[in-house]
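K.L.:
only the shape, not the letters, is given here:
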C-alpha cells in the first residue's frame, strides 16, 4: 500500500488512480482522517462474495432470528 497526502493526490490524481488499480492508495487528510482509494469493481466483487456466503448460510440453516426488541436493546434504544 502506498500512503500520500491530499496535496500530493491533487497534484497527481491520474497517477494515483492508475496505481490504485494495482494496490490500495491511502490518503492522509490532516492528523486524524485517512481514506483509501480502491477500484469500485473490487468493492462490487467483495459484496457479491459476501452475499453468496450469506445465502449459503441461510440455506444451511446457520442463521439467527432477532426480534426488534433485541436489536433496539443492542443499539441502546430501549
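P.N.:
On my side now, so go ahead. All figures in this text were calculated on a predicted structure; none of them were measured in a lab.
K.L.:
could you check which helix or strand contains residue 18?
P.N.:
Per DSSP states H and E, residue 18 falls inside helix 13-20.
K.L.:
and the residue nearest to the spatial centre of the chain, how far from residue 56?
P.N.:
With distances taken as Cα atoms, centre = their mean, the residue of the chain nearest its centroid is residue 43 (7.0 Å). Residue 43 is 21 Å from residue 56, where distance means Cβ to Cβ, to the nearest Å. (Each C-beta comes from the backbone N, C-alpha and C, glycine too.)
K.L.:
next: residue 10.
P.N.:
Residue 10 sits 44 Å away from residue 56, going by Cβ to Cβ.
K.L.:
what's downstream of the helix or strand hosting residue 53, the next helix or strand?
P.N.:
Counting by DSSP H and E, the element that carries residue 53 is helix 40-59. Downstream of helix 40-59, the next assigned helix or strand under DSSP H and E is helix 68-74.
K.L.:
from the chain's centre, how far out does that next one sit?
P.N.:
Distance, stretch centre to chain centre, for helix 68-74: 25 Å (Cα atoms, centre = their mean, to the nearest Å).
K.L.:
what does stretch 44-51 give?
P.N.:
On the basis of Cα atoms, centre = their mean, stretch 44-51 sits 11 Å off its chain's mean C-alpha point.
K.L.:
just stretch 10-18 next, same as before
P.N.:
Offset of stretch 10-18 from its chain centre (Cα atoms, centre = their mean): 21 Å.
K.L.:
for the chain, give me the ranges with low pLDDT.
P.N.:
Within the chain, the segments meeting pLDDT under 70 span 78.
K.L.:
now with 50, please.
P.N.:
Along the chain, segments meeting pLDDT under 50 are nowhere present.
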